[in-house]
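Peer 1: My questions are about this predicted structure, shown below with the sequence.
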Amino acid sequence: MKPPLIPINEDYKWKLLSEILNVFDLRSTRQILSQYEILPLEKSIPALKIVTLSMYFCLEISYVVRELEEKKNYENL
């Protein structure tokens, strides 16, 4: 059984991951992605964040996507 992805602000792993994922929101990163024709940015940046998250915790991409969808559904209640 895989652990649930529950972000904890005090956990150093989540703090580091947050800093890593914030890099994708920088204008310079968006320019580099556009330069290499990784478009559209509205879809490619979230996809890159999901891949980074799955690599960071050594989890399958499908598992990460499922966890994110469950969290989104839970927050909408």
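Peer 2: Nice, I can see it. Numbering: from 1, shown residues only.

Peer 1: surely Leu59 meets Lys2?
Peer 2: Yes: if you go by Cβ atoms under 8 Å, Leu59 and Lys2 touch, sitting 6.3 Å apart. To be clear about C-beta, it is placed using only N, CA and C from the backbone, and glycine gets the same treatment.

Peer 1: Quick check, pLDDT for Met1.
Peer 2: pLDDT, Met1: 65.

Peer 1: As a check, name the ranges of all helices in this protein.
Peer 2: For the chain, the helices defined by DSSP state H cover 12-22, 27-35, 41-56, 61-75.

Peer 1: circling back to that earlier point, who's more crowded, Leu59 and Lys2?
Peer 2: Leu59 (15 against 12; other Cβ atoms under 10 Å).

Peer 1: Would you mind measuring from the most centrally placed residue in the chain to Glu70?
Peer 2: Central residue of the chain (Cα atoms, centre = their mean): Lys49, 3.1 Å from the mean position. Lys49 is 17 Å from Glu70, where distance means Cβ to Cβ, to the nearest Å.

Peer 1: now do Leu48
Peer 2: Distance from Leu48 to Glu70, by Cβ to Cβ: 21 Å.

Peer 1: Over to Ile20?
Peer 2: Ile20 is 23 Å from Glu70, by Cβ to Cβ.

Peer 1: Glu37 now?
Peer 2: 33 Å.

Peer 1: do Arg27 as well
Peer 2: In terms of Cβ to Cβ, Arg27 sits 32 Å off from Glu70.

Peer 1: Tell me which of those two has more neighbours.
Peer 2: Per other Cβ under 10 Å, whichever of Arg27 and Glu70 has more neighbours is Glu70, with 12 against 7.
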